[in-house]
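Chemist: Here is a sequence together with a model predicted from it:
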Amino acid sequence: MKVISEWRVYSLGAALCGALTICSRNFGDRGGPYFMASLTVAGIAYLLAIREFFATPTFSRRIVVIGLVLAAVWHVEFLRLPAGADDDIHRYVWDGRLQMLGYNPYLVIPSDPAFAALHTSETRTLNNPDLPSPYPAGAQLFFRAVTAIHESTFTFKVAFVVCELAIVFVLLDVLRSTRQAAHLVLVFAWNPLLAIEVAGSGHIDIVGALLLLVSAAALVRRWRATAAVALGLAIAVKFLPVVLLPLYWKRIRIRDAVLGAAVVALLYIPFLNHGRIPIGSLSTYVQNFRFNGPVFAAFDRVAPPQLLVGLAVLVGLVTANWLRSTTPEGAPDKGILTTENTGFHGGGATVSPLCDSVPSVVRGFEFAWPMAASLVCAPVVFPWYLLWLLPFVTSASTLLIVIWTVSIIPTYVQWHLRSLGRPWGALPGWVMLLEYGCVAIAAAIFALRRIARPAVQGVTNDVV
């Protein structure tokens with residue numbers, strides 16, 4: 001059976017590689033028919049591979065090596081392509097260039113004629129040119145560091161792929177330290193979003209995901225100061241992981257928390273404007289930007305957006321606090337879903353008991369679910385936002401999130417519709433219905449299995 005499963009994995013890997021290679025050939029028409037068809041095939045192949053990964057306790061090392069080589073092949077296919085004309089990566093180059101020239105990216109408006117001479121061929125097409133940068137200080141300093149090496153979108157894409165490669169190595173170390181199977185690294189490495197949004201478009205979110213994983217890895221070894229600083233740096237890249245703060249309660253010392261906060265504060269010093277902490281266009285983003293956020297849209301007409309964003313953060317914090325309080329130290333990773341109620345048997349790969357000395361926080365579901373809960377309630381849910389979740393979806397406990405990373409694929413239709421003259425942000429209703437409906441149906445199936453299983457066991461016991 002194991003040999004058959006291995007051959008299925010090889011076949012699915014080949015299918016995934018072929019589909020993503022075709023997808024890369026149509027990257028210029030993102031959301032177009034050929035792009036969507038090939039990416040959908042890739043998503044289905046990925047989900048079938050996930051079933052094999054979660055259902056099989058162990059695979060040979062050869063599976064891991066070949067799987068990572070295949071991932072490298074399709075990443076190269078996307079890496080060699082130019083990013084979209086107005087992808088966020090052009091803003092990264094602009095922000096880094098401004099800093100190198102001595103300007104503050106939180107104050108300079110790209111469309112201002114006074115700064116027209118500062119533009120290059122790669123920055124003239126950046127999106128939202130009437131707004132200053134919205135990115136936090138940690139992201140800004142990363143932009144400056146990459147620009148100092150070479151000022152181009154390709155250099156940024158290479159830097160992001162290097163960060164992704166670093167995640168693979170750190171994740172392998174975490175899996176080994178927590179006594180989980182090494183092949184689970186392919187749950188991360190084979191996700192199609194990485195090819196599209198890291199090697200293809202290039203998004204800063206992968207840097208934050210790396211820092212967050214480093215924080216988790218530091219907790220495995222009880223390097224509390226490192227864990228706190230890495231978390232602070234991740235928050236300084238984008239604010240999403242702030243919802244994970246309850247997970248660190250009593251797992252790091254007060255002095256470690258103070259150190260992490262101090263590091264974040266120091267990052268903002270170069271950007272202070274008359275003693276004020278700069279936020280750039282962040283408030284405009286909260287006030288006006290909307291995309292693929294059905295929960296936020298449902299309440300947007302009855303409550304101010306600032307309140308709704310606060311509620312989204314609160315949902316994430318409450319979820320993290322609940323997981324923190326209900327998961328005892330040293331308990332197996334069974335989380336919200338388990339191999340029993342999802343139907344993915346062979347739980348040795350996903351629910352292996354950890355040694356008592358390893359904090360339960362390093363299990364993926366504690367990191368993934370609070371961020372996922374907060375994102376569901378956010379005003380904007382772009383596909384690349386889910387990159388934050390990918391390093392932490394290595395068990396059946398996070399299967400619904402894995403499904404979401406595939407069901408979000410239909411949102412790429414928006415890019416094709418824009419090329420046809422349709423207004424940005426006006427997603428067709430069927431897109432969100434398909435995206436969130438798939439997750440809801442899967443959740444209902446898992447819930448029914450969980451309800452039915454005790455009933456079946458009860459009948460068996462009565463017969464006995």
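Modeler: Alright, I've got the coordinates. Numbering: from 1, shown residues only.

Chemist: which residue packs closest to residue 227, ignoring adjacent ones?
Modeler: residue 218 (3.9 Å; CB to CB, 6 or more residues apart in numbering). Quick note: C-beta positions are derived from backbone N, CA and C, even for glycine.

Chemist: name the element residue 90 belongs to?
Modeler: Element membership of residue 90, judged by DSSP states H and E, is helix 88-100.

Chemist: roughly how far out does that helix sit from the chain middle?
Modeler: Relative to its parent chain, helix 88-100 has a centroid offset of 22 Å by CA atoms, centre = their mean, to the nearest Å.

Chemist: do stretch 252-260 as well
Modeler: 26 Å.

Chemist: Nearest residue to the middle of this protein?
Modeler: In the chain, the C-alpha nearest the mean C-alpha coordinate belongs to residue 387, at 1.8 Å (CA atoms, centre = their mean).

Chemist: Count residues in the vicinity of the nearest residue to that residue once chain neighbours are set aside, would you?
Modeler: Once flanking residues are discounted, residue 387 sits nearest to residue 205: 4.2 Å by CB to CB, 6+ apart. Residues near residue 205, counting by other CB atoms under 10 Å, number 25.

Chemist: list the contacts for residue 166?
Modeler: residue 210 (CB atoms under 8 Å, 6 or more residues apart in numbering).

Chemist: Just give me the longest helix of the protein.
Modeler: Across the chain, the longest stretch assigned as helix under DSSP state H is helix 429-463.

Chemist: which parts of that one are buried?
Modeler: 431, 432, 435, 436, 438, 439, 442, 446 (16 or more other CB atoms under 10 Å).

Chemist: Surely the first one is in contact with residue 416?
Modeler: No. With contacts counted by CB atoms under 8 Å, residue 431 stays clear of residue 416, the gap being 11.5 Å.

Chemist: Helices of the stretch 51-200 of the chain, residue ranges please.
Modeler: 61-79, 88-100, 137-149, 153-177, 185-189, 192-194 (DSSP state H, counting those that start in this stretch).

Chemist: now the angle between helix 61-79 and the helix or strand where residue 3 lies, please.
Modeler: For residue 3, the element it lies in under DSSP H and E is helix 2-25. Per axes from the mean of the first three to the mean of the last three CA atoms, to 10 degrees, the angle that helix 2-25 makes with helix 61-79 is 10 degrees.

Chemist: Could you tell me which ranges of the stretch 351-464 of the chain sit under the pLDDT cut-off?
Modeler: Counting by pLDDT under 70, the stretch 351-464 of the chain has low-confidence residues at 351-363, 454-464.

Chemist: follow-up on the earlier one: assign the residue nearest to the centre of the chain to helix, strand or coil.
Modeler: Recorded secondary structure, residue 387: helix (DSSP: H, G, I helix; E, B strand; the rest coil).

Chemist: dump the residue contacts of it.
Modeler: 193, 194, 197, 198, 203, 205, 206, 209.

Chemist: gap between residue 317 and residue 283?
Modeler: 21 Å (CB to CB, to the nearest Å).

Chemist: So these two - more neighbours on which side?
Modeler: residue 317 (18 against 12).

Chemist: neighbours of the closest residue to the more buried one other than its chain neighbours, just the number please.
Modeler: Excluding the flanking residues, the one nearest residue 317 by CB to CB, 6+ apart is residue 243, at 5.2 Å. Counted with other CB under 10 Å, residues neighbouring residue 243 total 26.

Chemist: Kindly report the same for residue 326.
Modeler: 10.

Chemist: And it, how far from residue 319?
Modeler: Applying CB to CB to residue 326 and residue 319 gives a distance of 11 Å.

Chemist: What of residue 153?
Modeler: 36 Å.

Chemist: and if you look at residue 184?
Modeler: 23 Å.
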